[in-house]
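Visitor: Pasting the sequence and the predicted coordinates here, then a few questions.
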Amino acid sequence: MLNRISWYTLAGFLALTLAAGQATGQQPGETEIRQGVIEQITPTQIPSNHHRGIGAIIGGLGGLGIGSLIGGGTGRDVAMVVGTLGGAFAGNRIEKKYDQPLQGQQVIVRLKNGVLVAVTQPVNQNLKTGQRVYIEGNGDNARVIAQ
């Protein structure tokens, strides 16, 4: 009975997945390309893609590992705590050094059908207001490129 329910669940999930793929009209590996004219370019900053806190976690674990190699008994416990705190502090400092926002631009493009599309991307010096462009991709992966 449980096995049959699992197969029905799997079949339902597969049907939903296939239906979702059909709804977009795109096949895997295809990229949507739209055409338009740049209406406006605004400088902006793109947040770093570093995950906050990872440096502290990795540093703390490294410090814990090194602290566990020192001494024995209570001294070892103290070394583990100090190593964890020191490693977390050092890892956090190193992460902050590399966690700077990137210079970017928000490009607003009017498509041929009149719809406005805003794309935030790294700075492309070749783009100018009034220029005919392509918008390649969609969502976070969209990029404006010159025609």
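Guide: Done, it's in. Just so it is clear, the model here is predicted, and its values are computed rather than measured.
Visitor: In contact with residue 121, which residues?
Guide: By C-beta atoms under 8 Å, 6 or more residues apart in numbering, the residues touching residue 121 are 46, 104-105, 107, 142-144. (Each C-beta comes from the backbone N, C-alpha and C, glycine too.)
Visitor: Now do the helix or strand where residue 66 lies: which elements does it pack against?
Guide: Assessed by DSSP states H and E, residue 66 sits inside helix 54-67. Judged by 3 or more C-beta pairs under 8 Å, 6 or more residues apart in numbering; DSSP states H and E, helix 54-67 is in contact with helix 73-98.
Visitor: Now do the buried residues in the helix it packs on.
Guide: By 16 or more other C-beta atoms under 10 Å, the buried positions in helix 73-98 come out as 79-80, 83-84, 86-88, 90-92, 95.
Visitor: swap in stretch 125-139?
Guide: Buried, per 16+ other C-beta under 10 Å, within stretch 125-139: 127, 131, 133, 135.
Visitor: Closest one of those to residue 113?
Guide: Nearest to residue 113 among the buried residues of stretch 125-139 is residue 135, at 12.5 Å by C-beta to C-beta.
Visitor: Show me what secondary structure element comes after the worst-scoring helix or strand of the chain on mean pLDDT.
Guide: Using mean pLDDT, DSSP states H and E, the weakest-scoring helix or strand in the chain turns out to be helix 2-24, at a mean of 51. Using DSSP H and E, the next helix or strand after helix 2-24 towards the C-terminus is strand 33-46.
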